[in-house]
Each structure stands twice: as structure tokens, then as C-alpha cells.
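1. fold the following.
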Amino acid sequence: MPAFFSVLRDVILLRRGPQDMPHAPRLLVAVCAASLALQLAIASVLGISGDAFGAGLIGLAFNLGVLYLLLGLRGVRSRFVQAALALTSCAMVFAILSVPIVLAAGGKPPTPETMTPAQALLGVLALPVVVWKLIVDAHILRHSLDVPFAAGLLIALFWIVAELTLGAALGGPAAATA
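-> As a prediction, the model looks like this:
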């Protein structure tokens, strides 16, 4: 297991790609379960009401489904386990990194008009984490789909928009996984 965390660290630091992740379907199931548990824990800590488990399950299914579809369109479906493992594990790391920022901001303000200057500042400070996650996702997609980095970045951007749209349709964030 320590080797997995070493590879995960290197993927996040853009030193390695998803192809270096183990092809371990059982590990992917465990990571997906841990991702759902993490989402429930974060929702509890942040006091988010609603069906966090259902929203997390839908978000996870959405992300895995989109990945499976994209890999199928590129004819490289055999990379699914490693790519899903990389995306889900990295999403968990970034979700954990974002919790202190959200807690320091006092949670999400109900409307942009009620945002305090301190919350706005913390939002700006959170931007590097969001950009880093976007770059890591693009890096993973680039390697998984055999596309240039710019295409991976564009796919990652569209993916985030689709995930946010799904979350808004469900009445809250769809998932902490991407």
C-alpha cells in the first residue's frame, strides 16, 4: 500500500501518470467506497444538509460513467481501472485540502451578496488548489486518452462544468470526486 501512496503523490506532482497506478479493480472499489465515506464525513463536518450519500453516489457514477465513455470513444477502455483510480484518489486528496479553507470561511454563504470580505479572500486563496486540481485532472486525462495536454485541460474544464450543472440540478454539489 505505501507504493500506491507514493505513486499517488507523484501523479499529483505531475511526475507520473495514471499508467503507473496499479491495475487493481478491488482497490478501485475500495477507493470509491472511501470517497463516498469522505464525502459523508465532509458533509457532516461542514453541516451540509440533504442526502449527501445519494448525491455522492450519483456524482461518483457520473464521473466513472463519463470516464468510461471517453475511454471507449478513444478505444482505450482497458485503461479504465487505472484512470479511475487516479482521478478518484486525486479528487479525495483535493477534497481533504479544501476542507480547512471552507471551514475557515465559515461554510458556503447562502448567496454571493452575503459573502464577507474574509470569505472572498479565502475564496481567492483557494484558487491555487482549484487550478492545481484542474491541471492534475488534465494530466491524468492526457495520459489516459492519448491527447495533448491542451485537449486534456479542455476536457477537464467541460467535465467540471458538467459536474457543477449536475450538482445544481440535484440541489447541491454532486460529488467531491472528479
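
2. and the helices in this structure?
-> 2-12, 25-46, 52-74, 80-105, 117-145, 149-170 (DSSP state H).

3. what's the closest of the ones you listed to Pro18?
-> Closest to Pro18 of these is helix 80-105 (CB to CB; 3.8 Å). Where you see a C-beta, it was placed from the backbone N, CA and C, and this is true even at glycine.

4. hmm, back to that, tell me which of the helices of the chain sits most buried.
-> The highest mean neighbour count among those, using mean count of other CB atoms under 10 Å, belongs to helix 80-105: a mean of 19.

5. ok so, going back, okay, the helices of the chain in JSON lines with mean pLDDT and distance to Gln19 next?
-> Formatted as JSON lines, the helices of the chain follow (pLDDT from 0 to 100; distance: least, CB to CB, whole Å):
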{"stretch": "helix 2-12", "mean pLDDT": "95", "distance to Gln19": "10"}
{"stretch": "helix 25-46", "mean pLDDT": "92", "distance to Gln19": "15"}
{"stretch": "helix 52-74", "mean pLDDT": "93", "distance to Gln19": "13"}
{"stretch": "helix 80-105", "mean pLDDT": "92", "distance to Gln19": "6"}
{"stretch": "helix 117-145", "mean pLDDT": "91", "distance to Gln19": "6"}
{"stretch": "helix 149-170", "mean pLDDT": "91", "distance to Gln19": "14"}
